[in-house]
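Q: Sharing a model that was predicted from the sequence below.
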Amino acid sequence: MYLTTVTKPKNTDRVRGRVAGNVVALGAVSLITDISSEMVAAILPVFLFLNLQLSPAAFGAIDGIYTGATALLRLAGGYIADRTQKRKLVAGIGYGLSALMKPALLLAGRSAALIGIVIAVDRAGKGLRTAPRDALITLSTAPEKLGRAFGVHRAMDSTGAFLGPLVAMAVLALTSDSFDAVFVTSFCIALFGVLVLVLFVRDHREPLEDAPRVDFSQVGTMVRTPAVARLLLASCILGLVTIGDGFVYLILQGREDLSIAWFPLLSVGTMAVYMLLAVPLGTLGDRIGLRTVLVGGYVALGLVYLLLVLPIHGVLSLALSVVLYGCFYAATNGVLIALAGPVIPAGLRTTGIALIQTGQALAYLVSSVAFGVAWGIWGPEAAVKVSIAAVVVGIAASWFLLRRTDERVDS
Amino acid sequence: MTEGLSDRARLIILATGGALLLAAALGFVLVSGHGDRPEHVSPRSADATGGDLLVVSDRTLTTVSSADQSAPRSVHGVECVRSYAAGDTAVCLRPKNAWTHSLVTMTGDLNDVHEYKLPGVPSRARVSDSGRMISWTTFVGGDSYTSSGMSTRTGVIDTKTGAYLPSIEEFSVTLEGAPYRAADVNYWGVSFADDDNIFYATLATRGERYLVRGDFAARQVETLATNVECPSIAPDGSRLAFKQAVDNDPLKGWRIAVLDLASMEVDVLAEDRSIDDQPVWLDAKTVGYTYRAPDGVPSVWEVPADGTGTPVKVADNAESPAPLT
C-alpha cells in the first residue's frame, strides 16, 4: 500500500523508517517525467538550430516568452490547488500539458512563433505542477521526516534528469538521428508518468472538510505571519546571492582552459553529486536541523565561488568545485521546501510553496542579470568577489531569519 | 477517480498502459530506423566540370551549374552541413555524431587536410578569397545570462601559420567609440577582406546586433553600424551584402541588403522573403543566398546587388553556396 508511514510522528530520534508511499510515487512520476523532458531538452538546441535553422535571436525571444508567465502561473496554480484542495488534479494537468507538447513540437514545424507557444505551454505545465507536487510531499510526511522525504524525491527526480540525455542518445543511435523518434518516445514516456500519477499518487484534501474555503484574505494573513514572512525573505535573499550555473561553469572552463568537449561534464558531475547526496543530506537535516544543512549548503556555494578566484588550479580544484557545487544543490533544493512545509498552514500549503519558489526564482533572475552587468564593468574576478561577500551576508541573514523556523520543526 | 480501484487493478492498468506505450515508442523507433539518411557511396570526386557553384545538397558536397539547372551535378561524397570554398581551400562542417561536429579543412580538390573539433552546432563557415583564412560560427549553450539561453562561438584558422583561434571573444571591443566589455558578447558570420587581416562580422550584446570591422593581427574590433548581420564583403571590397532584421526585430524576419562602406548607405535587395543566411557574392553585381521553404527544403537563389530586378532560383535542394572561380 502507498499510504503507509504518515501515521508515525512520535519517533523523533530514529528518523530512518520508510518514506511515505505517496512520496515514492511522486518521485517515480518525477523520475519518469524528467527522462521525458530532459531527452527533449538535450536535443532541442540541435533541433532548433541545425534542423530548423533558427537564429539565436529568435531562440532568445522564444526563451524570453515564458520567464514571467511561468512565475505568475505557478502562483495561480498554487492558489487554485489550495482553493479546490485538488492538488493532484492541478499537478496532473501540469504533467499532462507538458506531455502533450512533445508531439506538438513536431506539428509546430518550422514556425518560430508556434515553437515559441509550444515551449511556453511546456514550461507553463512545469510551473503548474511543481508547487502542488511539493505540497503533496509535505502533506504526506511527518515534519521530522521531511528532509529525508525531499531527499528521496529530489534524488529520484535528478536520476531522471540524468537518464534523459542517455535515452535520447540511444534513440538517435537506433534511428540514424531521427528527431521525430525522440519526440515520440519522449511523449510515450511522459504519458507513462501521467499514468503512474493518476494510479498511484494519493491526493490530500482533508482540510476542505474542517476548514473554511481558502480565499485571498487568508493568503494575505499567511504572508503577514512572522514565520512565513521571514521564510519568504530568507528565500529571496538566498536567491539573490546565487549567480547562476552558466556563469560558474563558464568561469571554471575559462580558468582551467577546459576543452569545450569537457564543458558539459561540469554540469553532469554536479548533477551526479546532487543525486548521490540528496538523501543523506536530507536525512542529516532531520537529525541536526534542516536550517543547519540549508545554510551549510550556502557555505559550500561560497566555497565554490572562492575556488573561482583563488590561485589554485588543476584537476583537483576542478573536482572539488564540482563536488561542492553538487553539495550545494543537495543541501538546499529540497531542504528549503522541507523547512517551509510545516511553517505554512496545511490548507494553504501549495500557495505558500509557490510563493517561496517564485520569490527565489525571481531573485535569482535579478542576481543573474546583475552579475552579468558586474562582469561587464569590473571583469569576472571582481564580480565573483562581490558574490562571495553577498553569500556571506546571505548566510548570516538566513541563519538569523530562520532560527525560529528550525526550532519549530525540531521541537 | 481511481480511488475505488484495488492495488491489483492499478497494477494491471499500469502494466497494460506501459506495454502499449512501450510498443508504440519501439514501433516508431524501428520504423524510423530504416533511415532516410543517404549512404554516401559515390566516390570523392574533384570533377567540377560544368559546375561553378559549390553547394550542400542532402548533406553532401555537390557542384552545380548556376546557369543551367538541368545540367548534371557532381556529387562529391563528402558529408557536410555547411561548407565554403575559395582560392584552393575548402572547408566542411561535418557531423561526427548526433552530438558533436567537426570542421575539416580541405584542398581545392577536396582532400582532407586537417580536422578540428567544433564546440556546438554549425552555423556559418567562410574562407577568405586567397584561401588562407577560415572562419566558423557555431551555436553553443550556457554563455549568456539565463542558463537556457543560447550563444554563439566564432573562431578563425590561419592556414598559412597553422594558428587556430578557438574564439574571437577575447578581442578588445570599441563599441560606438568607447571601450566595451561584457560577459554576453557574441560574434557570428565573419567575412575576411583581401588582405587576410581585416574582417567584418556581427557582434551581439544586450539585445543589440552590430556590424564590426576587426583587425585580426591587432586582436581588436570596432562597431560601424547596427542591425547588420552576417556580412559578406564584395569582390572589390567596397560593399557588404548582409541580412537585416525587419524593423530591427529578428522575429519579423530578415531582408538581404547591401551596404556601401564609403557612404554607409543601404540598398535593400529585390528579395522580399525572409532570408536567414550569410549572403555570398556570386560576382561583382550578383548576390546569392539560401532560401528555406516553409517545408524546410532549401534552395539557392541570386538577385542583383543594386536593389533592381527579381530573385532567380539557381539550384534546387541546395544550401550553403560558394562560387567556384
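A: Cool, the structure landed.
Q: Just want the most central residue of the chain.
A: Picked chain A for this. residue A:333 (6.2 Å; CA atoms, centre = their mean).
Q: switch to chain B, that's the one I care about
A: residue B:124 (2.8 Å).
Q: which stretch of helix or strand covers the residue nearest to residue B:14 when sequence neighbours are not counted?
A: Excluding the flanking residues, the one nearest residue B:14 by CB to CB, 6 or more residues apart in numbering or on different chains is residue A:199, at 5.6 Å. Heads up, the C-betas are built off the backbone N, CA and C, glycines and all. In this assignment (DSSP states H and E), residue A:199 forms part of helix A:179-200.
Q: and that helix, how far out from the chain's middle?
A: Relative to its chain's centre, helix A:179-200 lies at 20 Å (CA atoms, centre = their mean, to the nearest Å).
Q: do you know how far the residue nearest to the centre of chain A is from residue B:319?
A: 44 Å (CB to CB, to the nearest Å).
Q: pretty sure the residue nearest to the centre of chain B contacts residue B:188?
A: Yes. Counting by CB atoms under 8 Å, residue B:188 is a contact partner of residue B:124 at 6.1 Å.
Q: Now do the shared contacts for those two.
A: Taking CB atoms under 8 Å, 6 or more residues apart in numbering or on different chains as the criterion, residue B:124 and residue B:188 both touch B:137, B:154, B:230.
Q: Now do the SS call for the residue nearest to the centre of chain B.
A: On the three-state scheme (DSSP: H, G, I helix; E, B strand; the rest coil), residue B:124 is labelled strand.
Q: circling back: mind telling me what element the residue nearest to the centre of chain A is part of?
A: Taking DSSP H and E as the definition, residue A:333 sits inside helix A:315-340.
Q: Now do the next helix or strand after that helix, average pLDDT.
A: As assigned by DSSP H and E, the chain's next helix or strand after helix A:315-340 is helix A:349-378. For helix A:349-378, the mean per-residue pLDDT is 86.
Q: now do stretch A:249-263
A: Confidence for stretch A:249-263, expressed as mean pLDDT, is 70.
Q: Likewise for stretch A:202-217?
A: Stretch A:202-217 comes out at a mean pLDDT of 69.
Q: Identify the residues contacting stretch A:181-188?
A: Everything outside stretch A:181-188 that qualifies as a contact, by CB under 8 Å, 6+ apart, is A:36-37, A:39-40, A:43, A:99-100, A:102-103, A:105-106, A:167-168, A:171-172, A:174-175, B:21-22, B:24-25, B:28-29, B:32-33.
Q: and if we set it to 7 Å?
A: A:36, A:39-40, A:43, A:99, A:102-103, A:105-106, A:168, A:171-172, A:175, B:21, B:24-25, B:28-29, B:32 (CB atoms under 7 Å, 6 or more residues apart in numbering or on different chains).
Q: go on, stretch A:378-387?
A: A:241, A:243, A:251, A:305, A:308-309, A:371, A:374-375.
Q: Any buried residues in that stretch, and which?
A: Residues A:380, A:383-385, A:387 are the ones in stretch A:378-387 that count as buried (16 or more other CB atoms under 10 Å in any protein chain shown).
Q: likewise stretch B:60-78?
A: For stretch B:60-78, by 16+ other CB under 10 Å, it's B:60-66, B:73-78.
Q: wait, does the helix or strand encompassing residue B:105 contact chain A?
A: In this assignment (DSSP H and E), residue B:105 forms part of strand B:101-107. No. Against chain A, strand B:101-107 shows no contacts by CB under 7 Å from any CB of the partner chain, the least distance being 8.7 Å.
Q: Could you list every helix and strand in contact with the helix holding residue A:333?
A: Identification of packing neighbours for helix A:315-340 by 3 or more CB pairs under 7 Å, 6 or more residues apart in numbering or on different chains; DSSP states H and E yields helix A:146-174, helix A:245-256, helix A:263-288, helix A:290-309, helix A:349-378.
Q: what's around residue B:169, how many residues?
A: Neighbourhood size, residue B:169 [other CB atoms under 10 Å in any protein chain shown]: 17.
Q: Could you find the closest non-adjacent residue to it?
A: Going by CB to CB, 6+ apart, residue B:169 has residue B:185 as its nearest residue, at 5.8 Å.
Q: How about residue B:236?
A: Nearest non-adjacent residue to residue B:236 (CB to CB, 6+ apart): residue B:284, at 6.3 Å.
Q: Also residue A:121?
A: Using CB to CB, 6+ apart, the nearest residue to residue A:121 is residue A:101, at 5.4 Å.
Q: buried ones in the helix or strand where that neighbour lies?
A: Assigned by DSSP H and E, residue A:101 belongs to helix A:87-107. Under the neighbour-count criterion of 16+ other CB under 10 Å, helix A:87-107 has A:87-105 buried.
Q: Same check on stretch A:393-400?
A: A:394-395, A:397-399.
Q: Stretch B:18-37 now?
A: Buried, per 16+ other CB under 10 Å, within stretch B:18-37: B:21, B:25, B:28-29, B:32.
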